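Participant: Give me a 3D structure for the following:
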Amino acid sequence: MDAHRLSRRDALRAGGGFLGAVGALALTARTARAEPWTWSPSNSVVGSGGGADPLTMFDPEADPVLADVIDHADVGEVNRLLATWTRNGQPLPDGLPSGLKDFIENARQLPSWADQGKLASSFEFNKKRGLYLGVLYAFASGMMSTVIPHEALAVYYSRGGSHLKERIAKTAKFGYDIGTVNAYADDGEMIVTCVKTRIIHASVRHLLPQSPHWPAGVTPISQDDIMVTWHSLATTIMRTLNAWRVPIPAAESDGYLHSWQLAGHLLGVRDEYLPATWDQAESQASQMLDPILAPTMEGKDLANQLLNLGEDLDLTLLSRGILGAFTRFVMGDKVADWLDIPREIVWSPLLETAWGPFVAVREGVLSIAPVVDAPYWMFDEFLRQFAMWYLAELRMPVSIEIPLTNR
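Facilitator: Here you go, the predicted model:
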């Protein structure tokens, strides 16, 4: 095919999985906001900052380093070396370009405001609610990604759109790593996962503007883009658990937020954009995330693929009907209608009437005899199967690598 006749869609279909897996924020980068940026840095984890609109901010520490690596180093060899760095406290391999090594050594450091006590409480949060989180990372966050237009487009037109299980495994690794007892400890993996993702974002910012298919003068993956995804995960999870009236001790709630504050910092987000409290996260999400949700043809197709995964994996309790009903229950009628997900005659009313009592029983709120009837068993088994499937996907080798070209 004549390279000059290659359309944007063709180019992205031919592209590698990195764009869909880690750089999914890049394809339709926004350059303007409908309303002026008003969220104050006084509401951030550090309580101060310049107040610039995050749509205009990128990563001045990482970007020149990765541009130099891509333009002047043996990227294949660098990726081979980086693949051996898997644990947070592990020494970096010899042979990395000096600029990249210096950047990683700095980027892997936890900020002065990191709190080990809060991280311990975060693990308690994850340990008690792991089954809920496995489902919510998929249906409150994963399904939400299909109605974040620029993310849905990027996933659809990259390898991620046609290899959805592989992409979910990469996304699930992030959610899995942040929930481990040693997530940010020397023997954990969350710092590595975050820093490597930050490296890929910088690589995409260098490569995509060189493509003839990319709009001139537009820089992909702004701080706003990253925080939109942050809210589609952390804030959306907490919103849903609160809506379900899951009783969460204040220390565990604060700990869970702290784990995501650290994740944002390690992804290169400026501390002034990381909300100090859940109330401030809500305030910020109402300006960053909520107004941009909308349906697209590509998002509908991705949602359709997600709804078919249970049948593809031969998991009886993850039929399309149940997954669709659960999506409507978690995301609401508006999003479900956007995605052409019908209301189920049996499962939708069952979820609406029985889910609350099921959660209450699971959380030990109701002092009643053990529940053994079919609806409650179905809920518990649904959660268990979905969590087991997520963990099974994580056995796949997950490689986060510096891309060589836009392809």
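Participant: ok, and for stretch 80-91, which residues are buried?
Facilitator: Within stretch 80-91, the residues that qualify as buried by neighbour count (16 or more other CB atoms under 10 Å) are Leu81, Leu82, Trp85, Asn88. Glycine gets a C-beta too; all of them are placed from N, C-alpha and C.
Participant: give me the low-pLDDT residue ranges for this protein?
Facilitator: Within the chain, the segments meeting pLDDT under 70 span 1-29, 154-155, 157-171, 310-318, 365-398, 404-407.
Participant: domain parsing for it?
Facilitator: For the chain, automatic domain parsing gives the domain ranges 46-153+168-292, 297-393.
Participant: looking at these, which is closest to Trp37?
Facilitator: Taking CB to CB, domain 46-153+168-292 is the member of those nearest to Trp37, at 3.8 Å.
Participant: Please give the element, helix or strand, for the nearest residue to Glu61 once chain neighbours are set aside.
Facilitator: Using CB to CB, 6 or more residues apart in numbering and skipping the chain neighbours, the partner closest in space to Glu61 is Phe103 (6.7 Å). Per DSSP states H and E, Phe103 falls inside helix 98-107.
Participant: so what does that helix touch, helix or strand wise?
Facilitator: Helix 98-107 is packed against helix 63-72, helix 190-207, with contacts defined by 3 or more CB pairs under 8 Å, 6 or more residues apart in numbering; DSSP states H and E.
Participant: can I get those helices in a markdown table with distance to Leu323 and mean neighbour count?
Facilitator: Output for those, formatted as a markdown table (distance: least, CB to CB, whole Å; neighbours: other CB atoms under 10 Å):
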| stretch | distance to Leu323 | mean neighbour count |
| --- | --- | --- |
| helix 63-72 | 38 | 17 |
| helix 190-207 | 27 | 23 |
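Participant: closest to Glu124 out of those helices?
Facilitator: helix 190-207 (16.5 Å).
Participant: ok, back up a step: in JSON lines: the domains of the chain, plus distance to Thr31.
Facilitator: Formatted as JSON lines, the domains of the chain follow (distance: least, CB to CB, whole Å):
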{"stretch": "domain 46-153+168-292", "distance to Thr31": "6"}
{"stretch": "domain 297-393", "distance to Thr31": "21"}
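Participant: now do the same end-to-end measure for stretch 123-132.
Facilitator: 14 Å (CA to CA, to the nearest Å).
Participant: what does that stretch contact?
Facilitator: 133, 178-181, 183, 241, 244, 246, 248, 251-253, 255-256, 383-384, 387 (CB atoms under 8 Å, 6 or more residues apart in numbering).
Participant: and what of stretch 107-122?
Facilitator: 45-46, 61-62, 88, 183-184, 191-192, 195, 198, 251-252, 254-256, 258-259, 262, 265-266, 268, 271.
Participant: Is it possible to mark the buried ones in the residues you listed?
Facilitator: Judged by 16+ other CB under 10 Å, buried ones among those: 45-46, 62, 88, 183-184, 191-192, 195, 198, 252, 254-256, 258-259, 262, 265-266, 268, 271.
Participant: What are the boundaries of the strands in the stretch 101-250 of the chain?
Facilitator: With DSSP state E, counting those that start in this stretch as the criterion, the stretch 101-250 of the chain has no strands.
Participant: ok so, going back, looking at the helices and strands packed on helix 98-107, which is closest to Trp278?
Facilitator: Taking CB to CB, helix 190-207 is the member of the helices and strands packed on helix 98-107 nearest to Trp278, at 20.6 Å.
Participant: could you check the angle helix 98-107 makes with the closest one?
Facilitator: Inter-element angle recorded for helix 190-207 and helix 98-107: 130 degrees (by axes from the mean of the first three to the mean of the last three CA atoms, to 10 degrees).
Participant: Return helix 190-207 as PDB; C-alpha atoms alone will do.
Facilitator: In PDB, the C-alpha atoms belonging to helix 190-207 read as follows (Å, rounded to 0.1, in the frame of the first residue of the first chain):
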ATOM      1  CA  MET A 190       3.200  -0.900  41.400                       C
ATOM      2  CA  ILE A 191       6.100   1.600  41.200                       C
ATOM      3  CA  VAL A 192       7.500  -0.300  38.200                       C
ATOM      4  CA  THR A 193       4.100  -0.400  36.500                       C
ATOM      5  CA  CYS A 194       3.500   3.300  37.000                       C
ATOM      6  CA  VAL A 195       7.000   4.500  35.900                       C
ATOM      7  CA  LYS A 196       7.000   2.200  32.800                       C
ATOM      8  CA  THR A 197       3.500   3.600  31.900                       C
ATOM      9  CA  ARG A 198       4.900   7.100  32.300                       C
ATOM     10  CA  ILE A 199       7.700   6.200  29.900                       C
ATOM     11  CA  ILE A 200       5.200   5.000  27.300                       C
ATOM     12  CA  HIS A 201       3.200   8.200  27.600                       C
ATOM     13  CA  ALA A 202       6.300  10.300  27.000                       C
ATOM     14  CA  SER A 203       7.200   8.100  24.000                       C
ATOM     15  CA  VAL A 204       3.700   8.600  22.500                       C
ATOM     16  CA  ARG A 205       4.000  12.300  22.900                       C
ATOM     17  CA  HIS A 206       7.200  12.200  20.900                       C
ATOM     18  CA  LEU A 207       6.100   9.800  18.200                       C
END
